[in-house]
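> sharing a model that was predicted from the sequence below.
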Amino acid sequence: MKKALLTGCTGQDGSYLTEFLLAGGYEVHGIKRRSSSLNTDRIDHIYRDVHECRTPFFLHYGDLTDASSLATMLHDIRPDEVYNLGAQSHVKVSFDIPEYTADVVATGTLRLLEAVRRTGLKCRFYQASSSEMFGSAAPPQRESTPFHPRSPYGCAKLFGHSITVNYRESYGAHASSGILFNHESPRRGETFVTRKITRALARIKCGIQSKLYLGNLEARRDWGYAPDYVRAMWLMLQQDTPDDYVVGTGEAHTVREFVELAFERAGLDWKEHVVIDPAYFRPAEVDFLLADCTKARRELGWEPTVTFRELVRIMVDADLDQVERQIAGGLDELRRAAAGVSTRA
Ligand code: NAP
Ligand code: GDD
C-alpha cells in the first residue's frame with residue numbers, strides 16, 4: 001500500500017485529496033496544526049470512518065514553521081508521496097501578515113524539501129504553486145509566462161515554486177509544481193470571494209442577513225471545481241519525470257458575473273443586496289487570470305469536468321441547503337428546549 005503525507009489536509013484541497021487518495025488505496029497521513037478550536041470540519045467525516053471501517057487515515061500534529069516536526073514525520077512515516085498544500089492562502093490577509101505568510105508559504109516549503117532531502121527519502125513531492133505568481137502578466141498564462149506577483153502571498157509562492165524547481169535541478173528530486181488557477185467548492189474557505197458570495201446569499205434568502213459587502217467586482221478569474229484539481233496533483237506525481245504544469249479551465253469570468261449568476265440561481269436581485277466596501281480592495285490587484293493548460297491536457301490527460309455555471313449552481317445549492325438545515329436544527333433545538341429536553345450536555 002502506497003503512503004502519502006499531506007500538509008494542509010484540513011483545508012479545501014487537502015480534504016478532497018485525502019478522499020481521492022484513500023479511494024485509490026493509499027494510506028494517508030495528514031499534518032494538522034494545533035488550534036484552540038476544532039479545525040477538522042472538512043475531514044471529520046473521513047475520520048469517523050477510521051474507527052468504523054478501519055480507513056487508513058492518520059492525523060499528526062505539525063506545522064510548516066516547525067522543521068523538526070516535519071523531519072520527525074518524514075522519518076517515522078517514510079511516505080512514497082508528499083503533497084505540500086499547507087499555506088496561509090489568503091491574498092488580502094498576506095498584506096496584513098506578510099512576514100508570517102512568507103514563513104509558512106516560502107520558508108515552509110524549503111523546510112519540507114530540506115527535510116525530505118536530509119531524510120534521504122526517494123519520495124515524490126508535489127508543490128501547490130499558484131496562478132497568483134503570474135500577477136500582472138498578460139493573459140492567457142502558461143508555464144513559460146514570466147512571473148510578476150502582486151502580493152506577499154504571490155511572492156512567497158514564487159519562492160516556494162522556484163525552490164522546488166531548484167531541488168529538482170540540484171538534487172534530482174522528483175518534485176513537481178502545479179500552478180493551479182482558482183478552484184472552488186462548497187468546502188471553500190468562507191472569506192474567499194466565491195464562498196463569501198454563496199454563503200451570504202443563502203443567509204439573505206433565509207432572512208438572516210440583508211447586505212453583502214464586496215470589493216473589486218471587475219477582477220477576472222479562471223474558476224474551476226476543486227475535486228478536479230486534486231486529480232491533477234496526483235497525476236503529476238504519477239509521471240516518470242517531474243515537471244511544472246498550469247491547471248485551469250481556460251475560461252475567465254468577472255467577480256460581477258459570479259455575483260449575477262449566483263443571485264439569479266437563488267432568485268434574488270443582487271443590486272438590492274451588494275454594497276461595495278473599499279475595505280475589501282487590495283493594495284495591488286491581480287486583474288486577469290486565464291489559464292492556458294494545453295500542457296496538462298496533453299501530458300497528463302487532465303480535463304476539467306465542471307463548467308462555471310455548474311460550479312456556481314453547486315456552491316449556491318450547497319449553501320442554501322446548509323443554512324436551511326441550520327435553521328431547521330435551531331428550530332428543533334428551540335422546540336426541544338421548550339419541551340424541557342436539551343440536546344446539550
Ligand atoms: P486552504 O483551504 O486555505 O487550506 C490551507 C491549509 O493549510 C489548511 O489545512 C491550513 O490549516 C493549513 N495551514 C495553514 N498554515 C499552516 C502552517 N503554518 N503549517 C501547516 N499547515 C498550515 O487552502 P486550499 O484552497 O485548500 O489550497 C491548498 C493549497 O493550494 C494552498 O497552498 C494554496 O495556497 C494553494 N492554492 C490554492 C488555490 C485555490 O484556488 N484554492 C489555487 C492555487 C494554489 P488550518 O485548517 O488549521 O487553517
Ligand atoms: N476575498 C475577497 N473578498 N475577494 C474579493 C472581494 C471580497 O469581498 N470582493 C472582490 N474580491 C476580488 C478580489 O479582489 C480578487 O480579485 C478576486 O475577488 C478573488 O479573490 P479571492 O477569492 O480572495 O481569491 P484570490 O484570487 O485572491 O486567491 C485565490 O486564488 C489563488 C489562485 O489564483 C486563493 O485561493 C489563493 O490561495 C490562490 O493561490
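Sure, I can see it. Residues are numbered from 1 along each chain as shown. Ligands and ions are numbered 1, 2, ... in the order given.

> quick check, Asp319 in contact with Pro186.
Yes. Between Asp319 and Pro186 there is a contact at 7.0 Å, judged by Cβ atoms under 8 Å. Bear in mind the C-beta positions are built from the backbone N, C-alpha and C, glycine included.

> of those two, who's got more company?
Higher neighbour count among Asp319 and Pro186: Asp319, with 23 against 18, using other Cβ atoms under 10 Å.

> mind listing what the more buried one touches?
Contact partners of Asp319, counting by Cβ atoms under 8 Å, 6 or more residues apart in numbering, are 186, 195, 198-199, 201-202.

> doesn't it belong to a helix?
Yes. When classified by DSSP: H, G, I helix; E, B strand; the rest coil, Asp319 is found to be part of a helix.

> skipping adjacent residues, who's closest to it in space?
By the measure of Cβ to Cβ, 6 or more residues apart in numbering, the closest residue to Asp319 outside its immediate chain neighbours is Ala202, 3.9 Å from it.

> what's the burial count for Phe58?
Applying other Cβ under 10 Å, we find 14 residues neighbouring Phe58.

> tell me which element it is part of?
In this structure, Phe58 is located in strand 57-61 according to DSSP states H and E.

> so does that strand get close to ligand 1?
No. Residues of strand 57-61 are not located near ligand 1 by Cβ under 6 Å from any ligand atom, the shortest gap being 10.0 Å.

> likewise for stretch 146-154?
No. For stretch 146-154, no contact with ligand 1 is found by Cβ under 6 Å from any ligand atom; the gap never falls below 7.4 Å.

> how deep is the closest residue to Gly250 other than its chain neighbours tucked in, by neighbour count?
Once its chain neighbours are removed from consideration, Gly250 has its nearest residue in Ala291; the separation is 5.7 Å (Cβ to Cβ, 6+ apart). Counted with other Cβ under 10 Å, the neighbours of Ala291 add up to 26.

> surely Ala291 meets Tyr229?
No. Proximity of Ala291 to Tyr229 does not meet the contact threshold set by Cβ under 8 Å, at 11.0 Å.

> contacting residues for the residue nearest to Gly250?
Taking Cβ under 8 Å, 6+ apart, we find Ala291 in contact with 131, 140-142, 181, 222, 246-250.

> in the sheet, who's paired with it?
Counting by DSSP bridges, Ala291 is bridged to Gln141.

> against ligand 2, how distant is it?
For Ala291, the distance to ligand 2 (Cβ to the nearest ligand atom, to the nearest Å) stands at 10 Å.

> cool, Ala138 as well?
Between Ala138 and ligand 2 the computed distance is 16 Å (Cβ to the nearest ligand atom).

> count of residues packed around that residue?
A count of nearby residues for Ala138, using other Cβ under 10 Å, gives 12.

> show the pLDDT at it.
In the prediction, the pLDDT value recorded for Ala138 is 98.

> that's all I had, so thanks and see you.
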